[in-house]
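Trainee: what's the 3D shape of this:
(one chain, ligands or ions: 1)
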Amino acid sequence: MFTLKTHGDLKYFTIDEFSETGLLKHCFTTRCGGVSENEFRSLNLRMHSEDKKENILKNYEIICDEIGVDFKNLVFSNQVHCDTILSVKKEDMGNGITKPQKWDGVDGLITNEPGVPIIIFAADCVPVFFFDKKKKVIALVHSGWKGTVLKISAKCIEKMVCEYACDPADIMVAIGPSIGVCHFEVGDDVADIFRDTFGDSVLEKHEKWHVNMQKAIEIQVREMGVEKIINADICTYCQSDLLFSHRKTGGKRGVMAGIMELK
Ligand SMILES: [Zn+2]
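Mentor: The predicted structure is shown next:
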């Protein structure tokens, strides 16, 4: 279950099933509790935006201090809606924040090294959290509709199995706040792709077709043998006071982040 934590103005989600293990630090941020203004109000973590750099860095400091992560060590992905997932290590710390971004297109990060904080970004796209508490492996992926159709979450499980000897039955998968089927209207072409890939159950007919990306992610990780799935079931568009939504704002927005670090 995703629980909303509050500390003064700061609000962020944690995942109960992850917290209970005591093995990692993690969160999914909201838009509340930062110092940014206007469309970036207020906890904007979008590094390459027109927001003031000093405000963005302050926002990083605020949320990372809260969860006990050194923001200067964060390992950034470089999201391009692809299905590339990288295993990262200590030597990658600071990539994209205190060191130049060295990757072209990376939408998922995995590590089994303690003290290496990984981060992915979302504002309607689906942030997916993976945790194998037996093998002590964490992963994060950014799954927009393209990544969802490319089955980036299934590929993440595959990589955790191949490279870290994880058993899918031990991997918990948590699907974070993202645009829900209530608001994710698509054209017929995209609806057809989802139907061909996942079947009719991921579509709803409103005036136009609506896609349930979260369900498509559940289907693909269940096919890989995952049993434990935690779905936040929170729509970013419906809760745009709490969360940044790309669609609701026509793209004038900041971004939220999923952050994880093994203790
Ligand atoms: Zn909605």
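Trainee: ok, which residues in the stretch 151-263 of the chain are in contact with the ion?
Mentor: Within the stretch 151-263 of the chain, the positions adjacent to the ion are Gly180, Cys182, His183, Cys235, Tyr237, Cys238 by C-beta under 5 Å from the ion. C-beta coordinates here come from the backbone N, C-alpha and C atoms, glycine included.
Trainee: quick one: pLDDT of the nearest residue to Ile179 once chain neighbours are set aside?
Mentor: Distance criterion C-beta to C-beta, 6 or more residues apart in numbering; nearest residue to Ile179, sequence neighbours excluded, is Asp124 at 4.1 Å. Per-residue pLDDT puts Asp124 at 98.
Trainee: next one: the one 5 residues further on
Mentor: At Phe129 the predicted local distance difference test score is 99.
Trainee: Please apply the same query to Ser49.
Mentor: 89.
Trainee: I'd guess it is in a strand, am I close?
Mentor: No - using DSSP: H, G, I helix; E, B strand; the rest coil, the assignment for Ser49 is coil, not a strand.
Trainee: ok, the residue of the stretch 1-150 of the chain found nearest the ion - contacts?
Mentor: When scored by C-beta to the ion, the stretch 1-150 of the chain has Asp124 as its residue closest to the ion, at 10.0 Å. Contacts for Asp124 (C-beta atoms under 8 Å, 6 or more residues apart in numbering) come out as Gly144, Ser178, Ile179, Phe184, Thr236, Tyr237, Ser245, His246, Arg247.
Trainee: Give me the distance between the residue lying closest to the first one once chain neighbours are set aside and Lys53.
Mentor: To tie it back to what came earlier, the one meant is Gly144. Excluding the flanking residues, the one nearest Gly144 by C-beta to C-beta, 6+ apart is Cys125, at 3.9 Å. To Lys53, Cys125 is 24 Å away according to C-beta to C-beta, to the nearest Å.
Trainee: returning to that earlier point: does the residue nearest to Gly144 touch Lys146 like I think?
Mentor: No - checked against C-beta atoms under 8 Å, the pair Cys125 and Lys146 is beyond contact range at 9.3 Å.
Trainee: So for the two, which sits in the more crowded spot?
Mentor: Cys125 (26 against 16; other C-beta atoms under 10 Å).
Trainee: A strand includes the residue of the stretch 1-150 of the chain closest to the ion, no?
Mentor: No - applying three-state DSSP, one finds Asp124 to be coil, outside a strand.
Trainee: Distance check, it against Asn73.
Mentor: Separation of Asp124 from Asn73 (C-beta to C-beta): 28 Å.
Trainee: Kindly report the same for Phe40.
Mentor: Taken as C-beta to C-beta, the span from Phe40 to Asn73 is 24 Å.
Trainee: Please give the element, helix or strand, for the closest residue to Gly115 other than its chain neighbours.
Mentor: Take Gly115 and drop its neighbours on the chain: the residue closest to it by C-beta to C-beta, 6+ apart is Glu261, 6.7 Å away. Using DSSP states H and E, Glu261 maps to strand 256-262.
Trainee: Strand partners (parallel or antiparallel) of that strand?
Mentor: If you go by DSSP bridges, strand 256-262 pairs up with strand 24-29 (antiparallel), strand 118-122 (antiparallel).
Trainee: residues from the stretch 1-150 of the chain in reach of the ion?
Mentor: So the stretch 1-150 of the chain never meets the ion (C-beta under 5 Å from the ion).
Trainee: where exactly do the helices run in the chain?
Mentor: 16-19, 53-67, 145-149, 152-164, 188-198, 213-223, 246-249 (DSSP state H).
Trainee: That'll do, ta.
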